[in-house]
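Build me a model:
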Amino acid sequence: MAPPGKTVYPALFTRAVTRVLANEDHRLRPAGDPRGQTKFGISHRDYPGLDLAKLKRDRAIAIYFRDFWKAGRYGDLPPAIAIKLFDLSVNLGAAHATRCLQRALRACGSTVREDAAIGNGTVAAAKRVRGGALLAALRSEAAGHYRSAAERIVGWDASCAVIALDGWLSRAYQ
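Next up is the predicted model:
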């Protein structure tokens, strides 16, 4: 039983959000990010009415549970895939991350539509594929997405793009 005022989340979500928060800065990041200001990976672009300067960790976790985890069906996926996909979704956006999963499933021999939605077909396919192979394929697809994104970013000098890509690739292969 949770202490009064403390929310208890599913264990898999707790593991996933711990990964996200380890990857996302707890300090308010400046508006130079394409998503505008961010804190804990929560962006001003996505939550314009939220005062990010006052955002606390517990509130960020509640937002992730309500708006990402529950809405995205991550809990229906095998644990390692759920954690990885959730982390990628925070960074890439749910649609891009889910396409990476669907491409990884296809690379592992599953026939799934690349529709950017975690539907019953995607969940069933993820449960059928050997976990290690799927996780490796998902990491590779995410890395490919990051490389492509880095090439498309206009206005960054070369050193900034290299630094960003290095961080993104570390996250992809984590």
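
didn't residue 76 look like it was pressed against residue 123?
Yes: counting by Cβ atoms under 8 Å, residue 76 touches residue 123, with 4.8 Å between them. The way it works is simple: take the backbone N, C-alpha and C, and place the C-beta from them, glycine included.

List the buried residues for stretch 41-49?
Using 16 or more other Cβ atoms under 10 Å as the test for burial, stretch 41-49 gives 41-44, 47.

Can you convert the residues you listed into TSV and add a column each for distance to residue 20 and pLDDT?
Listed next are the buried residues of stretch 41-49 as TSV, based on distance: Cβ to Cβ, whole Å; pLDDT from 0 to 100:
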residue	distance to residue 20	pLDDT
41	6	88
42	10	91
43	13	87
44	18	87
47	15	92
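
Take the residues you listed and keep only those in strands.
The strands, defined by DSSP state E, take in 42-43 from these.

on that earlier part again, check the contact lists of residue 76 and residue 123 and give me the overlap.
Between them, residue 76 and residue 123 share no contacting residue under Cβ atoms under 8 Å, 6 or more residues apart in numbering.

rewinding a little: pick the one among the buried residues of stretch 41-49 closest to residue 172.
Nearest to residue 172 among the buried residues of stretch 41-49 is residue 41, at 15.6 Å by Cβ to Cβ.
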